[in-house]
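Novice: Have a look at this fold, sequence not included:
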């Protein structure tokens with residue numbers, strides 16, 4: 001009887017840490033051709049922060065609860081499945097978002113709150129198109 005209880009206790013203690021680990025991750029990369037932030041695990045992106053390193057631009061995109069979302073978030077043509085919040089205002093019109101010319105941005109994916117966020121860096125040219133990223137694929 002004590003042996004069965006001991007084995008059961010050991011099994012529970014071994015399995016408990018596995019329950020704390022997320023089944024998903026927040027890994028992302030930037031696809032230069034489509035000008036999109038892409039999920040490495042092909043799951044829907046639902047919580048994305050875009051922060052200008054000029055300390056002037058901050059954008060938070062969150063997926064509307066009743067919508068499908070996407071696993072490739074285009075920064076040129078925004079998806080209507082998302083809500084845009086700024087640093088001082090909530091529910092901004094999507095067309096108020098535009099990457100600024102000659103600016104660096106840090107992008108963070110916080111889709112799965114129990115997994116570590118992933119970050120990438122992008123830089124824009126003189127018309128606001130992304131010309132550089134530090135991650136062009138999943139590793």
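Specialist: Done, it's in. Small disclaimer: the values here were computed from a predicted structure and weren't measured.

Novice: just so I have it, where are all the helices in the protein?
Specialist: Secondary structure of the chain (DSSP state H): helices at 2-20.

Novice: Low-confidence regions, it specifically.
Specialist: 1-23 (pLDDT under 70).

Novice: how close does the residue nearest to the spatial centre of it sit to residue 125?
Specialist: Most central in the chain under C-alpha atoms, centre = their mean is residue 109, positioned 1.9 Å from the mean C-alpha point. As judged by C-beta to C-beta, to the nearest Å, residue 109 and residue 125 stand 24 Å apart. All C-beta atoms are positioned from the backbone trio N, CA, C, and that covers glycine.

Novice: same question, residue 139
Specialist: Where residue 125 is concerned, residue 139 sits at a distance of 26 Å (C-beta to C-beta).

Novice: more crowded one of those two?
Specialist: Neighbour count, other C-beta atoms under 10 Å: between residue 139 and residue 125, residue 125 has more, with 13 against 6.

Novice: Isn't the residue nearest to the centre of the chain up against residue 115?
Specialist: No - in this structure, residue 109 is not within contact of residue 115 by C-beta atoms under 8 Å, at 9.4 Å.

Novice: Need the overlap of contacts for the two.
Specialist: Residues touching both residue 109 and residue 115 (C-beta atoms under 8 Å, 6 or more residues apart in numbering) are residue 26.

Novice: The nearest residue to residue 118 once chain neighbours are set aside and residue 40: what is the separation?
Specialist: Counting by C-beta to C-beta, 6 or more residues apart in numbering, residue 26 is the residue found nearest to residue 118 once chain neighbours are left out, at 4.4 Å. Noted for residue 26: a distance of 9 Å to residue 40, by C-beta to C-beta.

Novice: same thing with residue 113?
Specialist: With C-beta to C-beta as the criterion, residue 113 and residue 40 are 17 Å apart.

Novice: neighbour-wise, which of these two wins?
Specialist: residue 40 (17 against 9).

Novice: In contact with that one: list those residues for me.
Specialist: If a contact means C-beta under 8 Å, 6+ apart, then residue 40 has 25, 27, 28, 29, 138 as its contacts.
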